[in-house]
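J.: sequence? don't have it. structure:
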């Protein structure tokens, strides 16, 4: 090591990627920086740890070309599932954690990895050898910080900063600087084939424009609008002459699509049944004219493929993901209880999910159409 904890040409690095899809996508530029460092001889080897189904998304990127050694076999780059054997973690000189997990840090310590870079919050300081505390706000408490616990009092005052900025600071302190914070993903050939077969089965002509509408959400989740909200958006889109709509569902969340199908009237709304896997999902959003959905993993995939996206920020703080591409726009409405980041809405009556309902469905449809037409104009010769 050139300096305490900093990586050099002898470093065998284990990079722990996030376990949430959106964070995984936003961390891609930092993975790319590590791959570049390996190619340039500034690392000895690189092991990428993360959910196996997320790691498959790398097959369509430049990182996939370096991944002839998959499933933990020897090679300059290895992909290791997050639940892989402890033995696969041994033999590394350093580990860098972008997942914020205590369990991952503990596994690295058990594997005797001497240098462990991590953020110090959440008790991780006790297991990390290097890192820093997240930036915190100073001064008086700001307005509109959302609801708080009556027992614990005010919430953490960590600054609401883009996840990519936090990753870049941690990686930079270890000696590697990302060239960009913009993630880039490309669909695989298999994913494109599945997506095109799906679109044909739904009756869409090859090359016909369509909007992807992400209605997937866990039961009673506050982090996505209700099916009734999406039905009003669909009604307004149809009345305004929008292209056909392909409604995304996710495994275990098929009920959202069924509800929309029941509520939405008229032709031109297609529900993906059964739900696509991640490879097909990436391909579908890459082929779409516009992506429309709440602040969730699929919208990050849309941005990473360059698809114009309109994102609805309900209980989430848009500043946490402010690294938007020029083709990504966001809609939000200030409410006294938000942004709360809660999984379940603790409001009742007319205030329930007010963070979404105060964003007019008519305004959502108009903004999506405006984004589509603006991008069409930008592509015109």
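T.: Alright, I've got the coordinates. Predicted model only: the values in this text are computed from it and were never measured.
J.: Now the element after the lowest-mean-pLDDT helix or strand in the chain, going C-ward?
T.: Least confident helix or strand, the chain: helix 62-65 with a mean of 60, by mean pLDDT, DSSP states H and E. Downstream of helix 62-65, the first helix or strand assigned by DSSP states H and E is strand 77-81.
J.: Direction included, what does that following strand pair against?
T.: With DSSP bridges as the test, strand 77-81 is paired with strand 45-50 (parallel).
J.: Show me the contact partners of the strand it pairs with.
T.: Contacts to strand 45-50, defined as CB atoms under 8 Å, 6 or more residues apart in numbering, come from residues 12-19, 24, 31, 34-35, 38, 55, 58, 63, 76-82, 84, 88-89, 92, 99, 104. Placement of C-beta: from N, CA and C, glycine included.
J.: Filter those down to the ones in strands?
T.: With DSSP state E as the criterion, strands contain 12, 13, 14, 15, 16, 77, 78, 79, 80, 81 from among the contacts of strand 45-50.
J.: Against residue 90, how distant is the fourth one?
T.: Between residue 15 and residue 90 the distance, using CB to CB, to the nearest Å, works out to 16 Å.
J.: Also residue 322?
T.: According to CB to CB, residue 322 and residue 90 sit 39 Å apart.
J.: likewise residue 176?
T.: In terms of CB to CB, residue 176 sits 23 Å off from residue 90.
J.: For the two, indicate the residue with more neighbours.
T.: Set residue 176 next to residue 90 and count neighbours by other CB atoms under 10 Å: residue 176 wins out with 21 against 13.
J.: State the helix or strand in which that one lies.
T.: Using DSSP H and E, no helix or strand contains residue 176.
J.: Surely it is in contact with residue 32?
T.: No: applying CB atoms under 8 Å, one finds residue 176 not in contact with residue 32, separated by 10.3 Å.
J.: Quick check: residue 323 touching residue 164?
T.: Yes: counting by CB under 8 Å, residue 323 touches residue 164, with 4.8 Å between them.
J.: what touches both of those two?
T.: Contact with both residue 323 and residue 164 is made by residues 26, 181, according to CB under 8 Å, 6+ apart.
J.: more neighbours, those two?
T.: More crowded of residue 323 and residue 164, by other CB under 10 Å: residue 164, with 23 against 20.
J.: Residue 29 is in contact with that one, correct?
T.: Yes: using CB under 8 Å, residue 164 is in contact with residue 29, at 6.6 Å.
J.: quick one: common contacting residues for these two?
T.: Both residue 164 and residue 29 are contacted by 181, 183, under the criterion CB under 8 Å, 6+ apart.
J.: Quick check: longest helix in the protein by residues?
T.: Using DSSP state H, we find that the single longest helix of the chain is helix 361-379.
J.: What residues of that one count as buried?
T.: Under the neighbour-count criterion of 16 or more other CB atoms under 10 Å, helix 361-379 has 361, 364, 365, 367, 368, 369, 371, 372, 375 buried.
J.: before we move on, what about stretch 314-324?
T.: Of all the residues in stretch 314-324, those buried under the rule 16+ other CB under 10 Å are 314, 315, 316, 317, 318, 320, 321, 323.
J.: Surely the third one is within a helix?
T.: No: assignment of residue 316 by DSSP: H, G, I helix; E, B strand; the rest coil gives coil, placing it outside any helix.
J.: the helices in the stretch 51-200 of the chain, which residues?
T.: For the stretch 51-200 of the chain, the helices defined by DSSP state H, counting those that start in this stretch cover 52-55, 62-65, 102-110, 163-173, 189-201.
J.: Can you add distance to residue 8 and pLDDT and give the buried residues of helix 361-379 back as TSV?
T.: Shown next, in TSV, are the buried residues of helix 361-379 (distance: CB to CB, whole Å; pLDDT from 0 to 100):
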residue	distance to residue 8	pLDDT
361	55	94
364	50	96
365	54	96
367	49	97
368	49	97
369	52	96
371	45	95
372	48	95
375	44	86
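J.: circling back: now, which of the ones in strands among the contacts of strand 45-50 sits nearest residue 51?
T.: Of all the ones in strands among the contacts of strand 45-50, residue 51 sits closest to residue 81, with 7.2 Å by CB to CB.
J.: That closest one and residue 55 touch, don't they?
T.: Yes: using CB under 8 Å as the test, residue 81 is close enough to residue 55 to be in contact (7.4 Å).
J.: So if I had to pick from those two, which one is more boxed in?
T.: It is residue 55, of residue 81 and residue 55, that has more neighbours when counted by other CB under 10 Å, with 22 against 16.
J.: quick one: pLDDT of residue 144?
T.: We note a pLDDT of 50 for residue 144 in this prediction.
J.: switch to numbering from 275
T.: Fine by me, first position is 275 from now on; the one you just mentioned is residue 418.
J.: The closest residue to residue 386 other than its chain neighbours and residue 527, how far apart?
T.: The shortest distance from residue 386 to any non-neighbouring residue, by CB to CB, 6 or more residues apart in numbering, is to residue 364 (6.7 Å). Note on residue 364: its distance to residue 527, by CB to CB, is 38 Å.
J.: Could you list every helix and strand that the helix or strand residue 485 falls within packs against?
T.: Secondary structure assigned from DSSP H and E places residue 485 in strand 484-488. Counting contacts by 3 or more CB pairs under 8 Å, 6 or more residues apart in numbering; DSSP states H and E, strand 484-488 packs against helix 501-513, strand 518-522, helix 552-561, strand 564-568, helix 571-579.
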